[in-house]
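1. Provide a 3D model corresponding to the input given below.
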Amino acid sequence: MQRELKIGIFTVIAIIIAIFGYNFLKGKDVFAENNIYYIEYENVNQLQKGAPVLINGLQVGSVLSVYLSPENYKIIIVEIEVKRELSIPKNTFAVIETTGLMGGKAVNLVFDNYCTENCAESGDYLTGSTKGLLGSMLAADDVKSYTRALGEGVGELFDSLSVELDKDDSEIGKSLTDIAITLENLKRTTAELDKMMSASRKSIVVTMENLAAITEGIKDKNEQIQHILENADTFTAQLKAMELPATMENANGAINKLTETMVTADKAIADLGIVLAKIKNGEGTLGQVVNDKELYERLNSASKNLDLLLEDVRLNPKRYTRILSKKQIPYEDPEEGN
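-> Numbering: from 1, shown residues only. The predicted structure follows:
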């Protein structure tokens, strides 16, 4: 039990230290009570919680919270705390100012003198106002002087430009002349473009009408296109279902066999060419027979005699059937009979 009690006490102390440390890091005096004041603004210029509260540049407190008024959302209420030992009058102005070029904000308390009577009490509302970047960086008199100097500088700048423009060889004048010429050319080009568009308006209208007609035709043929796509899908499925690899393998085998046959045929033709060449050159028996003119004449004569013999057998068959007969039938030349 004592162990759990020690752990509980240690946890409470740690939480208290964390709260005091958090408030200390935010700039709060954790060991003293401070005065709380409220200010109403229409625009807080992105004032954040924890922003410093200053008097003559010295931080005397911080912003506790920034929230919309529950009665009027156009009003923003800022809650600040200020050290209790500082007494400020009720007519103090709480001015939101910019503390740097990076946009940091702070609430600056502005009043004439510290009060001894009629002082603001904790919980009172102060009068709020805001300043821009230039107003925050300069005093009121400085702002007027700066504005006056800026106006004089701008006037001198325009006077210098006028003098430069009046010169004939002024670079600025030449530049402005070039710009005027460019604008005139641009105006002329725009007018020509407008004429071209006007002349082509009828063609454009016809083209758009044709395009609309084509689109309408495609729309009318939508069902047929759908059928074509379905047929294409069916054909693709059939091709996928076919055993294309086996068919291609068989086709490759047939092509290989055909290639072998063609090679064999080429070889046979080459051999036949060699044989014919040898015959033409008179090599071998057939070559000698083909190229021997005397043999050709003999064969021709023998063929002619054989024709005569066969013709005689046809005309006088009895002459050859009575071989043992003593009576001889005289020979008759078939050509003389004709």
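2. three-state assignment of Gly8?
-> Counting by DSSP: H, G, I helix; E, B strand; the rest coil, the backbone at Gly8 sits in helix.
3. per-residue confidence, Ser162, what does it come out as?
-> pLDDT, Ser162: 65.
4. run through the chain and note the low-pLDDT ranges.
-> 1, 20, 22-32, 100-103, 132-173, 239-245, 286-290, 292, 322-338 (pLDDT under 70).
5. which strand in it has the most residues?
-> strand 58-68 (DSSP state E).
6. just checking, what packs against the following helix or strand past that one?
-> Where DSSP states H and E defines the elements, the next helix or strand beyond strand 58-68 is strand 76-83. Applying 3 or more C-beta pairs under 8 Å, 6 or more residues apart in numbering; DSSP states H and E, one finds that strand 76-83 contacts strand 34-41, strand 52-55, strand 58-68, strand 105-110. All C-beta spots, glycine's among them, are computed from the backbone N, C-alpha and C.
7. how about 7 Å then?
-> Based on contacts counted as 3 or more C-beta pairs under 7 Å, 6 or more residues apart in numbering; DSSP states H and E, the elements that strand 76-83 packs against are strand 34-41, strand 58-68.
8. columns mean neighbour count and distance to Gln48 on top of these, output as CSV?
-> Listed next are those as CSV, based on neighbours: other C-beta atoms under 10 Å; distance: least, C-beta to C-beta, whole Å:
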stretch, mean neighbour count, distance to Gln48
strand 34-41, 19, 14
strand 58-68, 16, 7
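9. with distance to Pro89 added, can I get those in a markdown table?
-> Below are the helices and strands packed on strand 76-83 laid out as a markdown table (distance: least, C-beta to C-beta, whole Å):
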| stretch | distance to Pro89 |
| --- | --- |
| strand 34-41 | 12 |
| strand 58-68 | 15 |
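10. out of these, flag the one nearest Lys105.
-> Nearest to Lys105 among the helices and strands packed on strand 76-83 is strand 58-68 (8.8 Å), distances taken as C-beta to C-beta.
11. and the closest one with strand 76-83, angle?
-> Relative orientation of strand 58-68 versus strand 76-83 (axes from the mean of the first three to the mean of the last three C-alpha atoms, to 10 degrees): 150 degrees.
12. now do strand 58-68: which elements does it pack against?
-> Contacts defined by 3+ C-beta pairs under 7 Å, 6+ apart place strand 58-68 against strand 52-55, strand 76-83.
13. Thr261: which of the ones you listed is closest?
-> Among these, strand 76-83 sits nearest to Thr261 (C-beta to C-beta), with 101.6 Å.
14. contacts for the helix or strand following the closest one next, please.
-> The element immediately downstream of strand 76-83 (helix or strand, assigned by DSSP H and E) is strand 93-98. Strand 93-98 is contacted from outside by 39, 41, 44-45, 47, 104-110, 126-131, 133, 136, using C-beta atoms under 7 Å, 6 or more residues apart in numbering.
15. before we move on, what about stretch 124-131?
-> Residues from elsewhere that reach stretch 124-131, judged by C-beta under 7 Å, 6+ apart: 37-41, 43, 45, 90, 92-97, 120.
16. right, and the pair among those residues with maximum separation?
-> Top of the distance list for the contacts of stretch 124-131 (C-beta to C-beta): Asn45 and Lys90, 24.5 Å.
17. if we can go back for a sec, buried among the contacts of strand 93-98? Need that as a selection in ChimeraX.
-> Buried residues among those (16 or more other C-beta atoms under 10 Å), as a ChimeraX selection:
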select :39,41,44,47,105,106,107,108,109,110,126,128,130,131,136
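18. tell me the SS of Phe121?
-> No Phe there; residue 121 is Glu. Glu121 ends up coil, using three-state DSSP.
19. can you give me the end-to-end span of stretch 58-76?
-> 25 Å (C-alpha to C-alpha, to the nearest Å).
20. quick check: buried residues in the strand or helix carrying Ala18?
-> Per DSSP H and E, Ala18 falls inside helix 2-25. Of the residues in helix 2-25, none count as buried by neighbour count, 16+ other C-beta under 10 Å.
21. what's the answer for stretch 300-313, then?
-> Asp312.
22. okay, and the beta partners of the nearest residue to Gly128 once chain neighbours are set aside?
-> Closest residue to Gly128 apart from its sequence neighbours, by C-beta to C-beta, 6 or more residues apart in numbering: Ile39 at 3.9 Å. As for beta bridges, Ile39 partners with Val78, Leu126 under DSSP bridges.
23. can you pull the contacts of Ile39?
-> Ile39 makes contacts with Val78, Ile80, Ala94, Tyr125, Leu126, Gly128, as judged by C-beta under 7 Å, 6+ apart.
24. so which of the residues you listed comes closest to Pro317?
-> Of the contacts of Ile39, the one sitting nearest to Pro317 (C-beta to C-beta) turns out to be Val78, at 156.4 Å.
25. rewinding a little: how big is the angle separating the longest strand of the chain from strand 93-98?
-> Using the same axes, to 10 degrees: strand 58-68 against strand 93-98 is 90 degrees.
26. and the angle from strand 58-68 to strand 105-110?
-> Going by the same axes, to 10 degrees, strand 58-68 makes 120 degrees with strand 105-110.
27. strand 58-68: how far from the chain's middle?
-> Centroid displacement of strand 58-68 relative to its chain, using C-alpha atoms, centre = their mean, to the nearest Å, is 51 Å.
28. ok, now stretch 207-218?
-> The answer for stretch 207-218 is 30 Å, by C-alpha atoms, centre = their mean.
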